[in-house]
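# I'll drop the sequence and a predicted model, then ask my questions.
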Amino acid sequence: MSRTIVITGASSGIGREAAKTLARGGDHVAVVGRNRQRTEAVAEEVGGRAFVADFDRLDDVRSLADRLLEAYPRIDGLANNAGGMVGAHAITADGFERTLQSNHLAPFLLTRLLLPRLLESSGRVVSTASTANLMGHVRLDDLNWAKRPWLGGWRQYGTTKIETILFIRELARRTPLQAFSFHPGVVTTRFGQDSRAFRMVNLLTQGNYGISAEAGSVPLTQLIGPTTVGVPSGTYFDQLKPFGRMSHQAKNDHLAEALWERTSELVGLPAHL
């Protein structure tokens, strides 16, 4: 039976490559992206369905969840791949720092809203994290990074990747779902395009740094696939290697629980399931 897999950030990069691979394997892919033209093009390419949503607006995430639940009586997998880093500190219409919202609040909200359908289908949740978690630091009293120097946004980006790992670990603790996070490797994509450091690296290497998006998508397709992963739910992978290096905060069970509760409050959901 064909599975239904939702992939956010699927209009380009590793999301697009994962959509292509999963579709070739017989899965139906719900292609979620911000750019309508690119999202619809990928959906047509993989024989899936396009869903346009801007994660800078939480109402878009709520609308996306409604549309997905209306479209699919069964959801077998959710790949939270959308997100990124912004070079300048900026606040969304919802009142949250953009990197926090796109990398943590929006995928948390989408997962929670789709959770009943995922549980009915014994589905799987996979979130794109990063080794950048090693340079982050979560402060529950400063999730918006308003009390600390911005410095190009790198530490906030790393912090949101700690939050990604913590979210997946807590999701695994609270539900019977299989849930994993992973670092795809340093991938040559549109990521960080407004970062001066990434523009310099791209210039110096003539765009030849990192691995291809196709190679970076392999952990996503493996972890969201139907086969048994063979490690505990909640595990963080460095590419295909389980138990990748994590900051001490990413291993903190109490912080995972507190972050879940605080995030639930911020997006207007009860902490309990």
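Structure's in. What do you need?
# Can you show me the CA trace of whichever strand or helix holds residue 29 as PDB?
According to DSSP states H and E, residue 29 maps onto strand 28-33. The C-alpha trace of strand 28-33 is given here as PDB (Å, rounded to 0.1, in the frame of the first residue of the first chain):
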ATOM      1  CA  HIS A  28       2.600   9.800  -2.300                       C
ATOM      2  CA  VAL A  29       4.300  13.000  -1.200                       C
ATOM      3  CA  ALA A  30       2.600  16.100   0.100                       C
ATOM      4  CA  VAL A  31       5.000  18.800  -1.000                       C
ATOM      5  CA  VAL A  32       5.100  21.700   1.400                       C
ATOM      6  CA  GLY A  33       6.900  24.900   0.500                       C
END
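# So which elements touch that strand?
Contact analysis of strand 28-33 by 3 or more C-beta pairs under 8 Å, 6 or more residues apart in numbering; DSSP states H and E lists strand 4-8, helix 13-24, helix 36-46, strand 49-52, helix 58-71 as its packing neighbours. In this view, the C-beta of every residue, glycine as well, is placed from N, C-alpha and C.
# Pull the number of nearby residues for residue 233.
Residues lying near residue 233 (other C-beta atoms under 10 Å) number 18.
# got a list of what it touches?
Counting by C-beta atoms under 8 Å, 6 or more residues apart in numbering, residue 233 touches 172, 177-180.
# If we use 10 Å, what do you get?
Contact partners of residue 233, counting by C-beta atoms under 10 Å, 6 or more residues apart in numbering, are 124-125, 168-169, 171-173, 175-180.
# What of residue 145?
89, 97, 99-100, 139, 151, 153, 155-156, 159-160.
# ok, now residue 21?
27, 29, 46, 214, 217-218, 220-222, 224-225.
# same thing but at 8 Å, please
217, 221 are the contacts of residue 21 under C-beta under 8 Å, 6+ apart.
# Relative to residue 100, how far out is it?
30 Å (C-beta to C-beta, to the nearest Å).
# Likewise for residue 181?
Distance from residue 181 to residue 100, by C-beta to C-beta: 17 Å.
# where does this structure dip in pLDDT?
188-210 (pLDDT under 70).
# can you tell me which of the contacts of residue 233 are in helices?
Mapping those onto helices (DSSP state H) picks out 168-169, 171-173.
# So which of those is the closest to residue 263?
residue 171 (11.3 Å; C-beta to C-beta).
# Pull the number of nearby residues for the residue nearest to the closest one when sequence neighbours are not counted.
Excluding the flanking residues, the one nearest residue 171 by C-beta to C-beta, 6 or more residues apart in numbering is residue 179, at 4.7 Å. Counted by other C-beta under 10 Å, the residues lying close to residue 179 total 27.
# residue contacts, residue 179?
Here residue 179 is in contact with 124-127, 168, 171-172, 233-234 (criterion: C-beta under 8 Å, 6+ apart).
# For it, give the beta-bridge partners.
residue 125 (DSSP bridges).
# thought residue 229 was touching residue 180?
Yes - under the criterion of C-beta atoms under 8 Å, residue 229 makes contact with residue 180 at 6.6 Å.
# in the chain, which spans are strands?
4-8, 28-33, 49-52, 77-80, 124-128, 178-183, 236-238, 241-242 (DSSP state E).
# what about the ones you listed, which gets the closest to residue 135?
When these are ranked by proximity to residue 135 (C-beta to C-beta), strand 178-183 comes first, at 12.9 Å.
# before we move on, the earlier item: more crowded one of residue 229 and residue 180?
The neighbour comparison of residue 229 against residue 180 (other C-beta under 10 Å) goes to residue 180, with 28 against 17.
# Just to check, the more buried one is in contact with residue 223?
Yes - counting by C-beta under 8 Å, residue 180 does reach residue 223; the two are 4.8 Å apart.
# what sits in contact with each of the two?
In contact with both residue 180 and residue 223: 124, 126, 229, 237, using C-beta under 8 Å, 6+ apart.
# Narrow the contacts of residue 179 to those that are buried.
By neighbour count, with 16 or more other C-beta atoms under 10 Å, the contacts of residue 179 hold 124-127, 168, 171-172, 233-234 as buried.
# For residue 115, give me its contacts.
Going by C-beta under 8 Å, 6+ apart, the list of residues near residue 115 reads 175, 273.
# before we move on, the earlier item: walk me through which strands the strand holding residue 29 pairs with, and which way each runs.
Strand 28-33 is paired, per DSSP bridges, with strand 4-8 (parallel), strand 49-52 (parallel).
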